[in-house]
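Asks: Curious how this folds, go ahead:
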Amino acid sequence: MKYEQFLIFLLFTKIALIKSQQQFIGHKNLFQYDNQVPKSYNDALCQSQLAQFSQALSKSQEWAVRLVDTWAKVGAGYLSGNTVNLGDFDSCVKFRYESFQGQHCWVRISAFSNTTFDSDSSDINLKRFAEFLRKNRLISQNTFCLPASCSSENIVDFLNQRFLLKNNLIASYNAECKTNDLLPLEPLDYFAIVLFSIIALLMIASTIYEILMKHKRKETNRLYISFSVYTNGSKLFDVTKIKSASSLNCLHGLRAMSIFWIILGHRYYRQFPWGNPIERADFEKTLLSSIIKSHGIAVDTFFVMGALLMTWSTLRDCEKGNLNIARMIWKRYLRYTPVYAAMILIVICFEKYILSGPHNVVSFKAPCVKYWWMALLHIQNYVSATGEEMCLDHGWYLCADFQLFLISPFIVYLIHKFGKKLLTLPAILCLITIIYGIIISLVFDMRMSTLDPDHFTGMINYFKWFYFHTPPRAGPWFIGIILGYFLYENRGKTIRINGWLNASLWILSLSAMITAVLLQHAFTLSYNSSVAAHTFYIAIHRNVWAVGLCWIIFACQNIKTGGFIRWFLFLPQWQPISRMGLSMYMVGEVYQVYMILNQRVPLYINFWQMAQQQLINHKQLFQFDNQVPKRYNDALCQSQLAQFSQALSESQEWAVRLVDTWAKIGAGYLSGNNMNLGDFDSCVKFRYENFQGQHCWVTFTALPNSTLESDSNDINLKKLAEFLRNNRLFPTNGFCLPASCSAESVVQFLNQQFLFKNDLVALGGECRTNDLLPLDPLDYFVIVIFSLIALLMILSTTYEILMKHKEKEANRLFISFSVYTNGAKLFDVTKIKSASSLNCLHGLRGMSILWIILGHRFGNQFPWGNPIELSEFNQTLLSSIVKAHPIAVDTFFVMGALLMTCSMLKDCEKGNLNILRMIWRRYLRYTPVYAAVMIIVICFGKYLLAGPYIFETLRTPCVKNWWMVLLHIQNYLPQDQMCLNHGWYLSADFQLFLISPFLILLIHKFGKKFLALPIIFFLASLIYGLTIAFVFEMQIPTLNPGQGVVNYVRWFYFQTPPRSGPWFIGIILGYFLYENRGKTIKISSWLNAFMWILSLSALTTVVLLQHAFSISYNSSIAAHAFYIAIQRNVWAVAICWIVFACQNIKTGGFIRWFLSLPQWQPISRMGLSMYITGAVYQVIMILNQRVPLFVNAWHVFPILWSDIVMIIILSSIFYLALEAPPMLVEDYFYKKYLNSKKTVDKSTKI
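Replies: The predicted structure is shown next:
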């Protein structure tokens, strides 16, 4: 085969970027995956169907080609270790043709030890493939789709005889197959369903009972509300700061941080497959990976805290004379076991339904079926060598904890009876555990988790005899008993110690804990460390960690030192996470494993994707040349292209590796997955002599008319060209070619060498390298500005801490940038009990911003891995939630106008109205964060983008129209010219804010009759919107957008006049709320119920009609225009009822309770920062992704949750740095200078 054909083959065989689990979209396959039950195979039917398939494939029949299209292929980055190819699982298991049903099979392929064919006797690509597997001793894991009538042995025989053996390859006989056959429910499954249904019914009944009793103002029976969501939810989410001197508040922060650390570690070590295993191996060698490797030590924090609290509780009961050890043990069992048992039941009964992805691994079920009774007795941590035979192996901690809990009350009782001299008992027991650990470590030659395969047995012994067993792990528990005694004896006391001693102990404890973490990393990399070194570390590092932790707790609790650490650990926001820590621990790993087993794409080690998983790729930040023009050298380009072509024709390794990074036709291509990224990271890192890799996106399509004869070329390319021509598609592939070449040279080379002769043509491309980018003068200026802000925050925080330590009053100006003060305000969740406080607005704002984040992720996501399923999802009712997300902005309009109206009327009554200052403060609140994000996009966007996608569409408008952003007038520009186009809302809001004070001033002066004024403005906005909707023939965005949709976005969506209706409705509501502040209005129960039903129905109708119009291509212009004009106003009126009913009528039940939860307050306060930063973060995440997103629950929900968490973190930073400080500085100077002058003038005048 000539090298051109080899290149073409590699170009159009790609790693399978699979599709996904059925239903985020309400499909029918959730309970249909035949993962565990034996199948009834039919050998005769199998052989018949295999013959039918082979014959059809030889004739290029469409159904056979589509079946092969679901197969995994040799893809981009295969030679870089990406040897697990998933295929198009969903299309395979859904495949039907006559009696032929698709079955997805994992097959392990390896090469013969010696070649059996001549160099020219077989396909060069398979020869290369076999050589690579042989040379590297690799086993390739590929997936194939073949008849469901065949057993795995039939599948392997067919593949070997038909394709593999003749090419020096062989498939092993441990293939695993699955279909989407409907699974029958077993008796135990019915039992579990009934049991969980009864629990759910109890929760519903208990909650309804409590709500009714509260409505009747009667006392509830404690037993009847045991399952109430209302009571238990209130307790769970209660974040009231406990101010008792003896309360152990810091434990909440420690427990929550530990559970997060464990979740991080579990996700990392359970992940399979990795998309870039070589980069993962590199990451394992970095210092940053030590955070992940040492996550297991967080469990020792649990041991310390468990023993501490048990000791405290036992000593307290001893003093009161009501110690009941049997009840203590029973309550411990009752706390641990129900959640554990429920997870076991779910795993045994429903795992076969939950596992609906391509990974055919029975993760938890088999051990749980065998050892469930040991789990419920909490003794199973002695079962298995590596945890593989344990039921939910992370449950070993509960077993060890419970076993230690059984003996500890007796120890604590003896300490109570005979005094602190008996503290030697837990100290001796701790020493014994250390000695025992040293002995077994030496005997079994134990090793910490290591990258050295020669020490694998030592690592297994470590897990078998040390990690899971209670005796060697008990040291931190006994240390916790000693700490618990001293904490209880000194409860409520503040111990004074020398400042230098305090600082020394803090430094010593933190250093000890950091050393324990870093040495874990060192031992994983040190292949030649002695057994003694490993033994010593294994035996003592957890005890060192425990002692360091004990100092932190004691110092925070009784010495009252620790500064920022103490403040952070004492935050009441940790309390809900701390309370549900047990459930998070038990549920978390099971959820993560099922997530991994259902994933359709691998995970990549890189900054932006691992930010979602809380990891960082340390090497790629600030290295990607994405926007700056490159200096191309045409002569060098042509020379290097010729060198590359020659090397490829000779199968030189460097040329083959370069082509290996190219995108190929992969699984699911004929199903619409036609955007193929290639191996971007390997490409831009590629170096050979003076040859540097450059990743180029190239869009191509088929020539209008075929120029190929039926037998003149590869059937793959013929089918591809025909498919593109028939469907008018323009796929985009990633190629790697010399960095000396311009995009035009790359396109010309591809056309001339490969595409024209195959009925294909490249239309254009864009390229990038990883050249180090120089900083521009503006970049330096911005770095200085941000550095000054960071310095101000550090100095301001340090100043405040010092002043608090000296118990002196701090200057308000000097603490304007303090993280301590602003953080406390931001995260304060104290419930405001004032009758006039608008608590429900926090919930509305929080829910609205989360809804917008959901919509922005869907709206900006590109590419999708399963576009056909996306199209199907867009036809479902569930998609209406996504499509209607823009209407959440109208909630912001209502609330903005409402709050402004209440604030103004209050100032008018007090006689201190200052309209200019109101406008200035609005500008000062909106602009710094907006300007900062814009500057980051302009200056640092080129560094933040480290993936294969283009960034200029986000940056260029900001460079051109930054001044319109700062003036808040850019919402009249076309969408593609707007800088951060989601900022249109801030422009519209600010413009409406400019005119509204004058309306409210008239209403205040002349009374409610002037409410006609905002009503007139509202009607004018409505009529204007209706008019332009008719004139421009506007349409709600549909699945088949046309000029009507373009006109809607251009002349209606972004512009202030047609969007102002909800604002004026908010002014009217604000007036009535202010006039009735502190009052409770009584109305008929029937009227109240009718209004609630009407408002909720209106909200639902608005959302559902958005969906109806989006899928209705033939709706009249009049229908679209009418809906466009009134939908947001109907929404606003319904929102007004909810606010008014919750605030002044005191109705709404669960809705009012939920919206008024104080936990919404932090999200509400940082809502502006979340809105501005959120969309930019999501776009940068999308542009840095290496794999597409799939429409299914297992992919979408985790991405959304990670978006929310990361956006909250980023928004907190922006709020603390740029939103809160300017307002505090302005307030300080106004009150000190401007307002004081007015006071002096008044007094002089009088």
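Asks: can we go C-alpha only for contacts and neighbour counts from here?
Replies: Fine.
Asks: Flag the shaky bits of the stretch 851-1000 of the chain, pLDDT-wise.
Replies: 950-952 (pLDDT under 70).
Asks: which stretches of it form helices?
Replies: Assigned by DSSP state H, counting those that start in this stretch, the helices in the stretch 851-1000 of the chain fall at 867-874, 879-883, 888-910, 915-944, 952-967, 984-1006.
Asks: Minimum distance to residue 42: which of those helices has it?
Replies: Residue 42 sits nearest to helix 867-874 of all these, at 31.7 Å, using Cα to Cα.
Asks: can you give me how far that closest one is from the chain middle?
Replies: Its chain's average C-alpha position is 22 Å from that of helix 867-874, according to Cα atoms, centre = their mean, to the nearest Å.
Asks: same question, stretch 278-298
Replies: Centroid separation for stretch 278-298 versus its chain: 20 Å, with Cα atoms, centre = their mean.
Asks: Please work out the average pLDDT along that stretch.
Replies: What stretch 278-298 shows for mean pLDDT is 86.
Asks: Of all the helices of the stretch 851-1000 of the chain, which one comes closest to residue 501?
Replies: Closest to residue 501 of those is helix 915-944 (Cα to Cα; 42.6 Å).
Asks: what's the angle from the closest one to helix 984-1006?
Replies: In terms of direction (axes from the mean of the first three to the mean of the last three Cα atoms, to 10 degrees), helix 915-944 departs from helix 984-1006 by 170 degrees.
Asks: What is helix 915-944 packed up against?
Replies: The helices and strands touching helix 915-944, judged by 3 or more Cα pairs under 8 Å, 6 or more residues apart in numbering; DSSP states H and E, are helix 777-805, helix 952-967, helix 984-1006, helix 1167-1183, helix 1220-1229.
Asks: Using CSV, lay out these together with mean neighbour count and distance to residue 51.
Replies: Below are the helices and strands packed on helix 915-944 laid out as CSV (neighbours: other Cα atoms under 10 Å; distance: least, Cα to Cα, whole Å):
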stretch, mean neighbour count, distance to residue 51
helix 777-805, 15, 65
helix 952-967, 17, 52
helix 984-1006, 19, 61
helix 1167-1183, 23, 44
helix 1220-1229, 17, 72
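Asks: Tabulate these (TSV), appending distance to residue 1041.
Replies: Shown next, in TSV, are the helices and strands packed on helix 915-944 (distance: least, Cα to Cα, whole Å):
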stretch	distance to residue 1041
helix 777-805	40
helix 952-967	21
helix 984-1006	22
helix 1167-1183	22
helix 1220-1229	42
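Asks: For the helices of the stretch 851-1000 of the chain, give me a markdown table that also has distance to residue 336.
Replies: Output for those, formatted as a markdown table (distance: least, Cα to Cα, whole Å):
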| stretch | distance to residue 336 |
| --- | --- |
| helix 867-874 | 40 |
| helix 879-883 | 38 |
| helix 888-910 | 41 |
| helix 915-944 | 45 |
| helix 952-967 | 51 |
| helix 984-1006 | 49 |
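Asks: Out of the ones you listed, which is closest to residue 347?
Replies: helix 867-874 (28.3 Å).
Asks: rewinding a little: ok, which of the helices and strands packed on helix 915-944 comes nearest residue 61?
Replies: helix 1167-1183 (37.3 Å).
Asks: Give me the contacts around the closest one.
Replies: Here helix 1167-1183 makes contact (Cα atoms under 8 Å, 6 or more residues apart in numbering) with 608-609, 845-846, 849, 852-853, 856-857, 860-862, 926, 929-930, 933, 944-945, 947-951, 980, 982-983, 1203, 1207-1208, 1210-1212, 1214-1215, 1219.
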